[in-house]
Every structure is written in structure tokens, then in C-alpha cells.
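Asks: below: sequence and its predicted model.
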Amino acid sequence: MHHEVNVPVSKTISDEFTPDILVKVDEVIERFKSKQGALIPVLEEVQTITGYLPESLQRRVAFGLNLPLSQVYGVVTFYSFFTMVPRGKHQIKVCLGTACHVRGGQQIENELEEKLHICPGECTNDRKFSLEIVRCLGACGVAPVMVIGNDIHKQANPTKIGTILKKYN
Amino acid sequence: MITLTIDNQKVQVPKGTTILEAAKKVGINIPTLCAMPEIHHTPGACRVCVVEIDRGRALVASCVYPVAEGMKVNTINERVRKAQKAIVEFLLSDHPRDCNLCQKSGRCELQKVAERIGVREIRVPCTDFTERSIDDSSPSLIRDSSKCINCLRCVTACSDIQGVHLLTPSDRGFESRVVPAMGKDLMDSACTFCGQCAVVCPTGAIIEKDEVDKVLKALEDPTKHVVVQEAPAIRGTLGEELGLPVGTLVTGKMIAALRKLGFDKVFDTNFTADLTIIEEGHELLHRAKTGGKLPMITSCSPGWIKFIEHFYPQLLPNLSTCKSPQQMFGALAKTYYASLAGIDPKSIFVVSIMPCTAKKFEASRPEMNSSGYQDVDVVLTTRELGRLIRLAGIDFANLEPEDFDAPMGQYTGAATIFGATGGVMEAALRTVYAVVAKKNLPSLDITPVRGLDGVKEASVVVGELGEVRVAVAHGLSNARKVLDKIVDGTANYHFIEIMCCPGGCVGGGGQPCPPSDEKRKLRAQALYTDDANVQKLRQSHENPAITDLYKNFLKEPLGEKSHHLLHTHYVNRGL
């Protein structure tokens, strides 16, 4: 409750993983169970399968690896790679590194927030898009940069955001 | 051995010693806010202990930096002083700084270090304060993240000492803070409310829930008949909280102070500690004779009770059904005492003075109302009673000793030692032996169960029962060792004492802070002195007030009245 992570849909997630997804999760845990330092690789693989790491999955991992839940939670919240919020089918990353910032990255972010009705770190209700802010993608020459899935949108223009989003279903 | 120079003093220490420890040897106390050898905690997190070595380029954290042959350390030159000042300023820049309003004021280590280093201004204005988010969900503890300096002592106490592993650092950088798993409130977590986090916290980030005002209000209410009970350990620690030497036995002064505060009757939890021995001793005998669940485990310590309810629910049948002495007292005060004194139980207000933050939770458990009312109305810790006595302006050190009121103030030495690890076991064995063998133990001092070893074992041949094998554990990570043996079937004990806190109640979460083993030993010594040298009676079954209680009210141990008033049940709380 005193933790700042915004988890708008976490209450309902426990039902959303189908039995075959949970079988895959358990296979990962089983494979790493007896290894030292298993926690981070397990979380990585589980997140690849499930898209995110809500409380129910952290409990499953903690129980499976015989680790305290607090340790799992500490690791999940420490690394920005891990997320407790679902990510969309299409993950949008807006660069606000120095170059992109001075070339108008902020307007790109504002426009996306308005169009999608979400803040950075959140996911649309239909789970189609999620929004993230990153600091430098190493493409400063084509700033401001926005990445959707694996597509790089160079010299992004706020007025074209609507058209770009329509290409993703 | 390694020879080095610290502030121009030569010092010889074993290899692997840290600079901080080496400096202590020559009487130099380097300031620190995180290192706590007592709980084997040296995360090198706060950086306040920086020193200069061999005029090196960078200063090092002395709490983690090992000594080397010929090393020259300077702990106090201008460069070090400047760095320490800057570090403490940074800590204070993101700290509320309304110290006058803080419960920890005057006892706060951050305050003391800032004063010692001479911080007079904060040159780094913080624009992004850690949000003031207060978790007061539990009846026992209050957490305020904005006062946390991320020293992580509480995390170590919670995991390494107590084996609860609830608290964890979460997030990174400015967002980093200590939280219970999943960022939940304490009340929604597997917190035992033991308060070991609170006694090691250097600031006011984790404190006991202060209920002094509730007691003052009751004392001022003419319609309330306010009675008070004090746990066995309080007589060995209240003096320390009020500035007397550690381990001063202050029974008489404590009673005098409580009378001055206006309590109508000053009774004693020791009375029901003796009663617990009678009930629990007979429960053990009953289980042994009828093939009941063994080993039986003691149930006096509410932090331990919440722990087993979360972490070892499969062992709940092993737990004695006896309520703790605090709750037995509450139930009897509003039934037995009420009828003796001819007072409507509705107007009786029971205050407990406890070494313990978990006792506050215990008193609030919904089943603890067998008198028809909440059996114990308010629980104050040793620290809160200290505050109440200071507030009333009582000159504690110079009080003339007084005596307890009858009948619930009479006790034996066996009750006093409840406050030290092994004490309940020792008291129980004295009585069980006498009941079964019809004679006293050859020596009433059962020394194998005394002292600060994590797990202690002993065996006593008890008349026709034969050999009784016992174990004693204190601190929940030690308890885990014994419990795991029961779970995997390798334990062969009949009777086990478990106390939640290291050292037992003398090391409780409501006791003066910060703790140390040295202090726990001295505090326990005060209790053993009361048992051996002050009390004439040293066995619970010899307490004449307990004999009267059974004769006039309870009738028999484990009888119907006892079952209703003195025994309880437990719940599987899950994880």
C-alpha cells in the first residue's frame, strides 16, 4: 500500500494464466530448483512466458525455489527489467535521453498519454499498448526516437502518432 | 596479528578485523548508523564511518574495511570530518527533521550522530522528499518510511535473528525503501509484531504504538477501577529505561511509581505466571499420561504464537492451550478479582506493562474476552511506562520501595525467571517434578536451560514418568531449528520452551534500546537474583494465593473454569 508501484489490474490476474501457462512456469522453476543463484534467471524466463510478474507468480516462484517472498519482491522491484504491471501486446518506449529530450521527446510522450489514456508504466485496458520511458536508445542522430515492439520510429512527430498507432492491431 | 596505527596510536588486532573494531580497541568510537555487531550487521550502507587510510585518494568505510600491516588510519582529520558532515547532511536532507515531534527524540541515533559531528546547516536542499507514508495498521508497531535511512538493520533482525524474512529493501535510488513483502501493511503480512526491528532502528522509522494517553485517560476517569500488572522482566529493565545501571532490580520502586501514578491496585503478572505453571504442568502430565500430542510447546510468547500460526500451522496441536500469563491475568481480574472486591467487571480497566510489542496484538485478539469484556484493556511497553513515569515527574531513583497488593500480586521466584530464556522451562520442571515425585528437585537451579545459547537441551528423571527430555529456544531463527526437527521426525523431546525474542523477554521488542547480549545477561541476572535471594518461595505450586485461587474459584487445574478462562485456541493464518 505504501509502495509506489501502480498495479491497476493486479487483483484479477490470478485467473488470467491458463493451466498450460502455469505448467510452463513450473517447468522453469523445476529446471532451476537445485541451482545456486536461480532467482533472477527464473524470473527472467517466467516473465518471458507470462509478460509480467504479479503477486501470484512471485508467490509461485518463492514457494517453488523455497525462498522468502520478500526476497523475490525485492529483486523484482530492484531491476527495471522486471514488471509487476502487465505489458501490452505492443510495448512503446519513448526516449527522453538528452538528445531526444531537446528535440521534443516530451511532446511525443504527452501525445501518447492523451491518445492511450495511460501514464508511463501502465497498460491500456485492452492490453494492446503499454508505455515506458527510456533514457537513450543510442540513436541520438535520429532524435526524437520512439520504439514500438521492434520497430524504430525515427524523428517522431507528435501529429503523426495517431496514424502510427493505427498500424498496430 | 596485524599492527597498525589509528590516530597515532599503535594497535594490534587479528587479521580480518575491521578498522572500526580495531579503533574500538583503543577507545576510539567511530560514528556509524548502520553497523551493529550485535546482529552481525555490517552492510556498509550509511557511510558515516568513513576514515582516511595512508593518505589515500578515497576515504573508506571503516565498518567493512579490513586492517592491513603498517596501515595508518586517521579517523578525525579535517578531510574525514568534512566527509562525515556531508554524509549526515545528505541523510538529513531527506529526513522530516521535526525531531521535537518524534517519539524517538532524545534516543535517536541520527540525532546523536548529527549532534556529535556538529551539523549546523543542511547545504543540500532536497526537493523530492521521501513521501510520508505511515503504516499504523497494526496494534503493535508504527512504520514511517520517511524517517528510514536505509541502514537495513531491521531487515537483518527480521531475517537473520527472527527467521521471518518479512522486511526487504524494495526499488532503487530515491525510490528505495524498506517494506514488508509485496509492499503490504504489517497487519496484512506474516509479521509477528515481535518488535526486534524497532529495538534496532536507529531513528523513529519503526516505533511501538504509544498508548500512554489511553492509560492517563483511564486513570483520570472516576468511574474506572484501574488495575495494573507487570511482566516478570519489567522489574529487571524499567530502572535501565529510567537511567539506572543495566540489570538493576527495581521491583519495589516500580510498585511505588505505579501507585503514585494513581493505579487503584498494583498487581503482578508473576501471579499468573505461577498459575501458568500449574495449568501447563498439568497439561503436560495429562498429555504424557493419555498419549496426547508431544512434544508440548509453551505458549506464553505472543510473537512466537503468531509465528507458528503463519509458518508452522501443522504443529499447532503441539502448542499448549494455556493462555499467556498476561491474558490469564486479564480474564481473572474481571472475574475472580471483580467478585472478591465486589466491583462490576465493566468498570475494571486492566493495564499491562510488558517487555513486548506483540502483547499489544495479543490483547486485541478477538477471542481474548472470556471475562465477557476485553480481558486486557491497554498494554504499555517498558519504554512507554518509562515515558509515563517521566511525564508524571516522578523521581524514580529515589522512590522508597513498596509492596504489591493482594491477592493478585503474590508470587514465587519461579514466576520471576519467566522473563529470561529457559525460565518457564525451569519453573515448570520444578513443579512437575514435585507433583509427580512428591518431593522437591535435589537442586532448584536447573542451569543447563539458562544462558544465551540459541538452543539448549536437558533431561530430568521425573519420578514414575521417567526421563523427561526438554529443549529451549529463543529468537525465532533458533526456534526454526527445533521446529524443523519436529517436522522431519528427528526430535525426541517431550517439552519445549520457545520465546520469540533473543534472550527471552529481557530482550523483548518493548525493552530499552539498543539491545546487546551483555545487557540481556545483566537483565536476566537481576531476575535470577530475585528468584534465588529475594523470594522465599521458589516453586509456583507453593504460592499460597494460587492455592486460594483454586480452592475458592477455579477448583482444579484443567477444570471447567480453567478451560473457559485460562485456555485458548489458535488459527492457521497462512502465508
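Replies: Sure thing, it's come through. Numbering: from 1, shown residues only, chains lettered A, B, ... in the order given.
Asks: okay, now the domains of chain A?
Replies: With automatic domain parsing as the criterion, the domains of chain A are listed as A:10-78, A:90-166.
Asks: and the ones you listed as JSON lines, adding distance to chain B, mean neighbour count and mean pLDDT?
Replies: To be clear about C-beta, it is placed using only N, CA and C from the backbone, and glycine gets the same treatment. Formatted as JSON lines, the entries for the domains of chain A read as follows, by distance: least, Cβ to the nearest Cβ, whole Å; neighbours: other Cβ atoms under 10 Å in any protein chain shown; pLDDT from 0 to 100:
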{"stretch": "domain A:10-78", "distance to chain B": "3", "mean neighbour count": "17", "mean pLDDT": "90"}
{"stretch": "domain A:90-166", "distance to chain B": "12", "mean neighbour count": "17", "mean pLDDT": "93"}
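Asks: any idea which of those gets closest to residue B:251?
Replies: Minimum separation from residue B:251 across the domains of chain A (Cβ to Cβ) falls at domain A:10-78, 41.1 Å.
Asks: let me know the pLDDT of whichever residue of the stretch 301-450 of chain B sits closest to chain A.
Replies: Among the residues of the stretch 301-450 of chain B, residue B:311 lies nearest to chain A; the distance is 10.8 Å by Cβ to the nearest Cβ. In the prediction, the pLDDT value recorded for residue B:311 is 96.
Asks: check contacts around it.
Replies: Contact partners of residue B:311, counting by Cβ atoms under 8 Å, 6 or more residues apart in numbering or on different chains, are B:164, B:190, B:480, B:575.
Asks: and these near chain A, which?
Replies: The overlap between the contacts of residue B:311 and the neighbours of chain A (Cβ under 8 Å from any Cβ of the partner chain) comes to residue B:575.
Asks: from the contacts of residue B:311, which would you call buried?
Replies: Neighbour counting over the contacts of residue B:311 (16 or more other Cβ atoms under 10 Å in any protein chain shown) leaves B:164, B:190, B:480 as the buried ones.
Asks: now, which of these lie within helices?
Replies: When DSSP state H defines the helices, the subset of these inside them is residue B:480.
Asks: in a markdown table: the buried ones among the contacts of residue B:311, plus pLDDT and distance to residue B:463.
Replies: Putting those into a markdown table (pLDDT from 0 to 100; distance: Cβ to Cβ, whole Å) gives the following:
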| residue | pLDDT | distance to residue B:463 |
| --- | --- | --- |
| B:164 | 97 | 40 |
| B:190 | 96 | 42 |
| B:480 | 98 | 33 |
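Asks: endpoints of stretch A:151-169, how far apart?
Replies: 14 Å (Cα to Cα, to the nearest Å).
Asks: quick revisit: for the contacts of residue B:311, which one is nearest chain A?
Replies: residue B:575 (7.5 Å).
Asks: contact partners for the closest one?
Replies: Shown here is residue B:575, whose contacts under the criterion Cβ under 8 Å, 6+ apart are A:69, B:190, B:310, B:311.
Asks: buried sites along stretch B:430-445?
Replies: Buried residues in stretch B:430-445, counted by 16+ other Cβ under 10 Å: B:430, B:431, B:432, B:433, B:434, B:435, B:436, B:441, B:444.
Asks: what does the strand or helix carrying residue B:563 rub up against?
Replies: According to DSSP states H and E, residue B:563 maps onto helix B:560-566. Under the contact criterion Cβ under 8 Å, 6+ apart, helix B:560-566 has outside partners B:275, B:279, B:322-323, B:328, B:331-332, B:335, B:370-371, B:553-556.
Asks: tell me which of those residues fall in helices.
Replies: The subset of the contacts of helix B:560-566 that ends up in helices is B:275, B:279, B:328, B:331, B:332, with DSSP H as the criterion.
Asks: okay, strands next: where are they in chain A?
Replies: Secondary structure of chain A (DSSP state E): strands at A:90-95, A:129-134, A:146-148, A:151-153.
Asks: between these, which gets nearest to residue B:293?
Replies: Judged by Cβ to Cβ, the one of the strands of chain A that comes nearest to residue B:293 is strand A:129-134, at 53.3 Å.
Asks: helices and strands around the closest one, which ones?
Replies: Strand A:129-134 is packed against strand A:90-95, helix A:105-116, with contacts defined by 3 or more Cβ pairs under 8 Å, 6 or more residues apart in numbering or on different chains; DSSP states H and E.
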